[in-house]
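S.K.: sequence unknown, structure follows:
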Ligand SMILES: C[S@@+](CC[C@H](N)C(=O)[O-])C[C@H]1O[C@@H](n2cnc3c(N)ncnc32)[C@H](O)[C@@H]1O
């Protein structure tokens, strides 16, 4: 699993109970990477485990995606334009290493923190919606409200 725009790593820690072999948080800010690693270390000390978490200081548009990365998680990280470049990177990885890939977008706010419309898709997801190779499979409703629904897209073979 790869979480792009990992910020302080909150979304890297929650999949602990899920069967991921590895979780890689990709974050462009070196300062936030340091904070994320410190947060993960604090969680490790408090609860143990989390050995499978890693934070990488990289631009998600050019990040060297692991050949086995299967789930890409986005919590309000980018504009639609940046997400276009991230999808180009993911699609190149899938062409080089064919595999099943799922995108998960959650949070309908804007990357700058302003609130989006509750009935509009997350801004990053708009990039996937415009591409035929990404098929929207389902919306997983959030118990906290429509704002935090998760939109899942699957890569369709070309
Ligand atoms: C709104 S925050 C996302 C919140 C985060 N997902 C969380 O759960 O707390 C957006 C993050 O994406 C990062 N970011 C923006 N563009 C990026 C890029 N091209 N590659 C990697 N990270 C990026 C920013 O540095 C910022 O930390």
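M.R.: Received, thanks. Keep in mind that what you see is a predicted model, and the values were worked out from it rather than measured.
S.K.: For the rest of this, base every contact and every neighbour count on C-alpha atoms.
M.R.: Fine.
S.K.: I'd say residue 110 and residue 79 touch.
M.R.: Yes: the pair formed by residue 110 and residue 79 meets the contact definition of CA atoms under 8 Å, at 7.5 Å.
S.K.: list the residues that contact both of these two?
M.R.: Here residue 110 and residue 79 have residue 123 as joint contacts, going by CA atoms under 8 Å, 6 or more residues apart in numbering.
S.K.: ok, now which ones touch residue 58?
M.R.: When contacts are counted by CA under 8 Å, 6+ apart, residue 58 is found next to 26-28.
S.K.: can you list these in a markdown table and add secondary structure?
M.R.: Supplementary listing: these in a markdown table, determined by DSSP: H, G, I helix; E, B strand; the rest coil:
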| residue | secondary structure |
| --- | --- |
| 26 | strand |
| 27 | strand |
| 28 | coil |
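S.K.: Which ones, among the residues you listed, also lie beside the ligand?
M.R.: Near the ligand, judged by CA under 6 Å from any ligand atom, the entries from the contacts of residue 58 are 26-28.
S.K.: Let's have those in CSV, adding pLDDT.
M.R.: Supplementary listing: the ones next to the ligand among the contacts of residue 58 in CSV, determined by pLDDT from 0 to 100:
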residue, pLDDT
26, 94
27, 93
28, 93
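S.K.: Centroid-nearest residue for this protein?
M.R.: Within the chain, the residue whose C-alpha comes closest to the C-alpha centroid is residue 73; the distance, by CA atoms, centre = their mean, is 2.2 Å.
S.K.: Quick check: it is in a helix.
M.R.: No: with three-state DSSP as the criterion, residue 73 is located in strand rather than a helix.
S.K.: Tell me the bridge partners for it.
M.R.: When bridges are assigned using DSSP bridges, the partners listed for residue 73 are residue 3, residue 104.
S.K.: Residue 155 too?
M.R.: The partner list for residue 155 in beta bridges (DSSP bridges) reads residue 134.
S.K.: how many neighbours does it have?
M.R.: Close neighbours of residue 155, defined as other CA atoms under 10 Å, add up to 21.
S.K.: residues near residue 41, how many?
M.R.: Applying other CA under 10 Å, we find 17 residues neighbouring residue 41.
S.K.: Please, which helix or strand holds it?
M.R.: Remark: residue 41 resides in helix 30-47, with elements defined by DSSP states H and E.
S.K.: tell me which residues in that helix are buried?
M.R.: Of all the residues in helix 30-47, those buried under the rule 16 or more other CA atoms under 10 Å are 32-34, 36-37, 39-41.
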